[in-house]
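*Asks:* no sequence for this one, just the structure:
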């Protein structure tokens with residue numbers, strides 16, 4: 001599988017990559033993000049899918065029961081969370 005458009009961009013633009021990594025470093029240290037990661041990992045362990053290489057994730061739909069879903073579908077979803085909607089734009 002080839003590189004995504006953003007991966008190619010950051011590969012070819014080292015200054016942009018540095019800026020992005022600096023922001024990610026700050027963002028990932030936030031208390032709320034740390035709690036969120038802990039909760040998501042806990043659910044993945046509970047479902048028995050954490051670290052076993054089965055390419056499944058627990059889908060975290062807001063207000064719904066969590067369920068297993070493929071990683072690529074879950075992480076690329078435009079409907080899972082408000083943050084995803086804002087980051088990826090509107091459906092066409």
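*Replies:* Received, thanks. Values in this document were obtained by computation on a predicted structure and should not be read as measured data.

*Asks:* only C-alpha atoms for contact and neighbour calcs from this point on.
*Replies:* Fine.

*Asks:* what sits against residue 12?
*Replies:* By CA atoms under 8 Å, 6 or more residues apart in numbering, no residues touch residue 12.

*Asks:* need the per-residue pLDDT for the residue most central in space within the chain.
*Replies:* The C-alpha lying nearest the average C-alpha coordinate of the chain belongs to residue 75 (CA atoms, centre = their mean; 5.1 Å). Looking at residue 75, its pLDDT is 73.

*Asks:* residues touching it, list them.
*Replies:* With CA under 8 Å, 6+ apart, residue 75 has no contacts at all.

*Asks:* gap between it and residue 15?
*Replies:* In this view, residue 75 and residue 15 are 26 Å apart by CA to CA, to the nearest Å.

*Asks:* can you pull out the strands in the protein?
*Replies:* 56-59, 67-70 (DSSP state E).

*Asks:* partners of the last one in the sheet?
*Replies:* Listed by DSSP bridges, the sheet partners of strand 67-70 and their directions read strand 56-59 (antiparallel).
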